[in-house]
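Asker: return atomic coordinates for the entry below.
(chains A and B)
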Amino acid sequence: MPDGMADSPRLLRVQEFLDKRYGAGILSRSFEKMELTVKIKRAELLSVLAALRDELGFNVLDDIIGLDNLRSAAPEEPRFSLLYQLYQFPGFSRLRIAVDLGEGEEADSVTSLFRSANWEEREIFDLLGIRFAGHPDLRRIYMPDDFEGYPLRKDFPLEGKP
Amino acid sequence: MAFKEIELNMGPQHPSTHGVLRLKVTVDNEVVLKVEPIIGYLHRGMEKLWENATYPQILPFTDRLDYLAAVSNNLAYVLAVEKLMGVEIPKRAQYIRVILAELQRLASHLSAVGFMANEMGAVSVLLYCFQSREGIMDIFENYTGGRLMVHGVRIGGVPFDLDEDVTGLIRRSLAEIPGRIKDIEGLLNENRIWEHRTRGIGVIKPEDAFALGLTGPALRATGFAWDIRKNIPYCSYEDFDFEVPVLAGGDVYDRYLVRMEEMRQSMRIIEQALDRLPQGEFRLRVPRLLKIPPGEVFHTVEAPKGELGFYIKSDGTDKPERVKMKSPSFINLQSLELMCKGNLFSDIVGILGSLDIVLGEIDK
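Answerer: Model (predicted):
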């Protein structure tokens, strides 16, 4: 399987665009298995997603993935990550934007940019306990309203109560 | 009559909610003002379980997500794992996967159309649909031993080679189903009651459908040619000649027509795959204790319900660090409120049927 950035000129263009516009806001990037992941500063999230949507045509938010890095991150590193899986239609490229979050920190809700994010953010709030600032209706979605704890956190046991 | 707003509860135990879905409906007399889906009654904590299971152990769980299209779930997960491993699987295995996935699409669309018609009172259509679906279930039973929880794909290939028995059954189904589809269309397409209950009902505008992340037949019925099989081909779909049916009405009727046409296209793909089935291995040797080097991937397939994706992050052990599933029904259900607003209360079941959701997949 080819694994070079030169093989996907589209993603190369995305990377150049982000470097030029948000040079200091970009923390790291990786290109693996033909997928580009760009980690940005949390404060830049809404502006980066809006620019990608309006100027480069990444007009679909396929999924938001919440990660609990409790086991892999060092104690001083942020505990949570959010991955925004973007899709270009038409164009058919994918791109992953990542932000890090410490415990108790809030992420900006992207529902103003992508209406489909509503339930996805509720799911992450429900299972990982990450709050989204500006979400219109942040409630639990799977678990009962009076449930305590966040089941997908790594310190939540597989069986029994925490 | 005076304006009177009342709140009604549909479900969680309701025959036409395809599982345990509760809808909080606000109505003014017969007209729907608000629909709030309340989910989670079937939540089994799949993603938590997956973090504590090895890669091959996760595979049987995926059958239980969308239990009307088990192979599509298997395939999406397995393709993501294989992408993470960086392996290329034999061509023969890819073709067999395509055949299984398209058979599964046929079975899923048949049950979708059948349930949808049944909910609007056309019970005989459901019986016709299930008769054809039965033939496909028999194929799966002959091939894997399972009918509903098929478990028909393995990491590295497929569990068995296609033998004469199975191909014979597939050919028989392929010969039978077109006539059956004609019967169903004869019963519904120009049926005045059916048209009355579906045309112009549950309309969603293309821009709303796109913004709300709708995928699958429901999105294609609003005019977008969104089909991952064509857009980002996987599993050698680029080898086959087929069309993506697209309609522009965005109502219940168009969603039904898109499904009918998609069934014809699926049969075209299966025929081509059977005729051109390459020789060779049907499975790669994959170690039983599968450890995957650290990395992360996101891979999606075109499942019968829409775009189904898996994100997998590996930390180098035999268990994944995180598996996240993008479930098409979960995202599609968000559009229900917009589709139902302004329609009559009795149309909710029809609109819900045309969305074709499965609660096993929504609640994970």
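Asker: immediately after the helix or strand hosting B:Arg97, which helix or strand?
Answerer: Per DSSP states H and E, B:Arg97 falls inside helix B:91-119. Remark: after helix B:91-119, the chain's next helix or strand is helix B:123-144, criterion DSSP H and E.
Asker: returning to what we had before: now do the helix holding B:Arg97 against helix B:123-144, angle only.
Answerer: Angle, helix B:91-119 to helix B:123-144, by axes from the mean of the first three to the mean of the last three C-alpha atoms, to 10 degrees: 160 degrees.
Asker: low-scoring stretches of the chain, by residue?
Answerer: By default, I'm working from chain A. A:1-7 (pLDDT under 70).
Asker: let's do chain B instead
Answerer: For chain B, the ranges with pLDDT under 70 are B:1-3, B:15-17.
Asker: run through the residues of it sitting next to chain A.
Answerer: Residues of chain B lying near chain A by C-beta under 8 Å from any C-beta of the partner chain: B:39-40, B:43, B:45, B:47-49, B:52, B:83-84, B:86, B:88, B:210-213, B:224, B:226, B:231-232, B:295-298, B:300, B:307, B:309, B:311, B:313, B:315, B:321-322, B:324, B:326, B:330-331, B:333-334, B:363-364. To be clear about C-beta, it is placed using only N, CA and C from the backbone, and glycine gets the same treatment.
Asker: and with 6 Å instead?
Answerer: Neighbours of chain A within chain B, by C-beta under 6 Å from any C-beta of the partner chain: B:40, B:43, B:48, B:52, B:83, B:86, B:211-213, B:231-232, B:295, B:297-298, B:311, B:322, B:324, B:326, B:331, B:334.
Asker: run the chain-centre distance for the helix holding B:Arg97.
Answerer: Relative to its chain's centre, helix B:91-119 lies at 8 Å (C-alpha atoms, centre = their mean, to the nearest Å).
Asker: do the same with stretch A:22-36
Answerer: With C-alpha atoms, centre = their mean as the basis, stretch A:22-36 stands 13 Å off its chain's centre.
Asker: A:Gly66 falls within a strand, correct?
Answerer: Yes - when classified by DSSP: H, G, I helix; E, B strand; the rest coil, A:Gly66 is found to be part of a strand.
Asker: which parts of the stretch 201-350 of chain B are helices?
Answerer: Using DSSP state H, counting those that start in this stretch, the helices of the stretch 201-350 of chain B run over residues B:206-211, B:217-220, B:228-231, B:252-275, B:328-333, B:336-340, B:348-355.
Asker: ok, now chain A?
Answerer: For chain A, helices defined by DSSP state H occupy the ranges A:9-22, A:45-56, A:117-128.
Asker: ok, the longest one near chain B or not?
Answerer: No - using C-beta under 6 Å from any C-beta, helix A:9-22 never reaches chain B; the gap is at least 12.4 Å.
Asker: dump the residue contacts of the closest residue to chain A within the stretch 201-350 of chain B.
Answerer: When scored by C-beta to the nearest C-beta, the stretch 201-350 of chain B has B:Gly213 as its residue closest to chain A, at 2.9 Å. B:Gly213 makes contacts with A:Ser116, B:Ile331, as judged by C-beta atoms under 6 Å, 6 or more residues apart in numbering or on different chains.
Asker: near chain B, which residues of chain A are found?
Answerer: Counting by C-beta under 6 Å from any C-beta, the residues of chain A near chain B are A:1, A:32-33, A:63, A:65, A:67, A:85, A:92, A:115-116, A:119, A:142, A:151-152, A:158.
Asker: hmm, back to that, tabulate the helices of chain A (a markdown table), appending mean neighbour count and distance to B:Pro56.
Answerer: Compiled in a markdown table, those are given as follows (neighbours: other C-beta atoms under 10 Å in any protein chain shown; distance: least, C-beta to C-beta, whole Å):
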| stretch | mean neighbour count | distance to B:Pro56 |
| --- | --- | --- |
| helix A:9-22 | 15 | 32 |
| helix A:45-56 | 17 | 36 |
| helix A:117-128 | 23 | 25 |
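Asker: burial count for B:Arg285?
Answerer: Per other C-beta atoms under 10 Å in any protein chain shown, the neighbour tally for B:Arg285 reads 7.
Asker: just to check, A:Phe89 is in contact with A:Val60?
Answerer: Yes - applying C-beta atoms under 6 Å, one finds A:Phe89 in contact with A:Val60, separated by 5.4 Å.
Asker: tell me the phi and psi of the closest residue to chain B within chain A?
Answerer: Nearest to chain B in chain A, going by C-beta to the nearest C-beta, is A:Ser116, at a distance of 2.9 Å. Note on A:Ser116: backbone dihedrals following degrees, to the nearest 10 are phi -70, psi -10.
Asker: now the strands for chain A?
Answerer: A:26-32, A:35-40, A:60-68, A:80-87, A:94-101, A:107-108, A:132-133 (DSSP state E).
Asker: now those in a markdown table, with distance to B:Leu110 and mean neighbour count?
Answerer: Listed next are the strands of chain A as a markdown table, based on distance: least, C-beta to C-beta, whole Å; neighbours: other C-beta atoms under 10 Å in any protein chain shown:
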| stretch | distance to B:Leu110 | mean neighbour count |
| --- | --- | --- |
| strand A:26-32 | 40 | 14 |
| strand A:35-40 | 35 | 20 |
| strand A:60-68 | 28 | 24 |
| strand A:80-87 | 29 | 22 |
| strand A:94-101 | 32 | 21 |
| strand A:107-108 | 42 | 22 |
| strand A:132-133 | 40 | 16 |
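Asker: contact partners of stretch A:31-45?
Answerer: A:5, A:11, A:18, A:22, A:25-30, A:48, A:95-99, A:108, B:83, B:295, B:297.
Asker: and stretch B:7-17, by the same measure?
Answerer: By C-beta under 6 Å, 6+ apart, the list of residues contacting stretch B:7-17 from outside reads B:Val20, B:Leu21, B:Arg22, B:Leu23, B:Val25, B:Thr26, B:Tyr41, B:Glu119, B:Val349.
Asker: how close does the closest residue to the first one other than its chain neighbours get to B:Pro12?
Answerer: I take that to be B:Val20. Using C-beta to C-beta, 6 or more residues apart in numbering or on different chains and skipping residues adjacent in sequence, the residue nearest B:Val20 is B:Tyr41, 3.8 Å away. Distance of B:Tyr41 to B:Pro12, given as C-beta to C-beta, to the nearest Å: 5 Å.
Asker: got any residues that touch both of these two?
Answerer: Any residue near both B:Tyr41 and B:Pro12 by C-beta under 6 Å, 6+ apart counts here, and that gives B:Val20.
Asker: what sits against A:Leu61?
Answerer: If a contact means C-beta under 6 Å, 6+ apart, then A:Leu61 has A:Phe114, A:Ser116, A:Ala117 as its contacts.
Asker: what residues are up against the last one?
Answerer: When contacts are counted by C-beta under 6 Å, 6+ apart, A:Ala117 touches A:Leu61, A:Val110, A:Thr111.
Asker: got these as JSON lines, with distance to B:Ser124 columns?
Answerer: Output for these, formatted as JSON lines (distance: C-beta to C-beta, whole Å):
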{"residue": "A:Leu61", "distance to B:Ser124": "42"}
{"residue": "A:Val110", "distance to B:Ser124": "47"}
{"residue": "A:Thr111", "distance to B:Ser124": "44"}
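Asker: which of those residues lies closest to B:Phe130?
Answerer: Distance to B:Phe130 across the contacts of A:Ala117 (C-beta to C-beta) is lowest for A:Leu61, with 37.0 Å.
Asker: the closest residue to that closest one other than its chain neighbours: how many residues sit nearby?
Answerer: Spatial nearest neighbour of A:Leu61, chain neighbours left out: A:Phe114 (4.0 Å); criterion: C-beta to C-beta, 6+ apart. Residues near A:Phe114, counting by other C-beta under 10 Å, number 23.
Asker: for A:Leu83, see how far away A:Phe114 is.
Answerer: A:Phe114 sits 14 Å away from A:Leu83, going by C-beta to C-beta.
Asker: thanks a lot, see you next time.
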